[in-house]
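K.L.:
Here you go, sequence then predicted model.
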Amino acid sequence: MVIGVTRKHQNEIEDIFKKYDLDLEFKESDSWQSDWVTYNAKCLKWYRQYKDVKEVNEYIQSIGDENSFIVAIDEDGDIHSTIHNWGRFVIPQTKLTIL
């Protein structure tokens, strides 16, 4: 799961993360849009009916495509839970490991 917002919305999204004790890894952009920040979660269930997910999704929707995006990839490598135009910032990759 990757959530991206413009810097002007960083404090508001982090307040929502703190409210629900969501543990997402923060990453500042250095190679692309310098006015954006992203948050990554590797093991997070993102079900729309959950209160925390609902509030994050609603916030991302409210600030619009020019200020935010969400994209999630499930365990099978399928893309789901997308909001706004994430493709300009994220390249999905699936890694296969031989056991």
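P.N.:
Alright, I've got the coordinates.

K.L.:
Tell me which helix or strand comes right after the helix ranked longest in the chain.
P.N.:
Counting by DSSP state H, the longest helix found in the chain is helix 51-63. Following helix 51-63 in sequence order, the next helix or strand is strand 68-73 (DSSP states H and E).

K.L.:
That following strand versus helix 51-63: what angle between them?
P.N.:
Relative orientation of strand 68-73 versus helix 51-63 (axes from the mean of the first three to the mean of the last three CA atoms, to 10 degrees): 140 degrees.

K.L.:
Could you spell out the sheet neighbours of strand 68-73, each with its direction?
P.N.:
Strands that pair with strand 68-73, judged by DSSP bridges, come out as strand 2-6 (antiparallel), strand 79-83 (antiparallel).

K.L.:
Single out the most deeply packed of the ones you listed.
P.N.:
Comparing the strands paired with strand 68-73 by mean neighbour count (mean count of other CB atoms under 10 Å), strand 2-6 comes out on top with a mean of 22. Every C-beta, even on glycine, is put in place using the N, C-alpha and C of the backbone.

K.L.:
which residues touch that strand?
P.N.:
13, 24, 35-41, 56, 60, 63, 66-72, 86, 89-90 (CB atoms under 8 Å, 6 or more residues apart in numbering).

K.L.:
what helices or strands is the longest helix of the chain leaning on?
P.N.:
Taking 3 or more CB pairs under 8 Å, 6 or more residues apart in numbering; DSSP states H and E as contact, the helices and strands that helix 51-63 lies on are strand 2-6, helix 10-19, strand 68-73, strand 79-83.

K.L.:
how about residue 61, what does it touch?
P.N.:
By CB under 8 Å, 6+ apart, the contact set of residue 61 is residue 83.

K.L.:
Ok, residue 74 next?
P.N.:
Here residue 74 is in contact with residue 80 (CB under 8 Å, 6+ apart).

K.L.:
any idea how far residue 63 is from it?
P.N.:
To residue 63, residue 74 is 25 Å away according to CB to CB, to the nearest Å.

K.L.:
Repeat that for residue 26.
P.N.:
18 Å.
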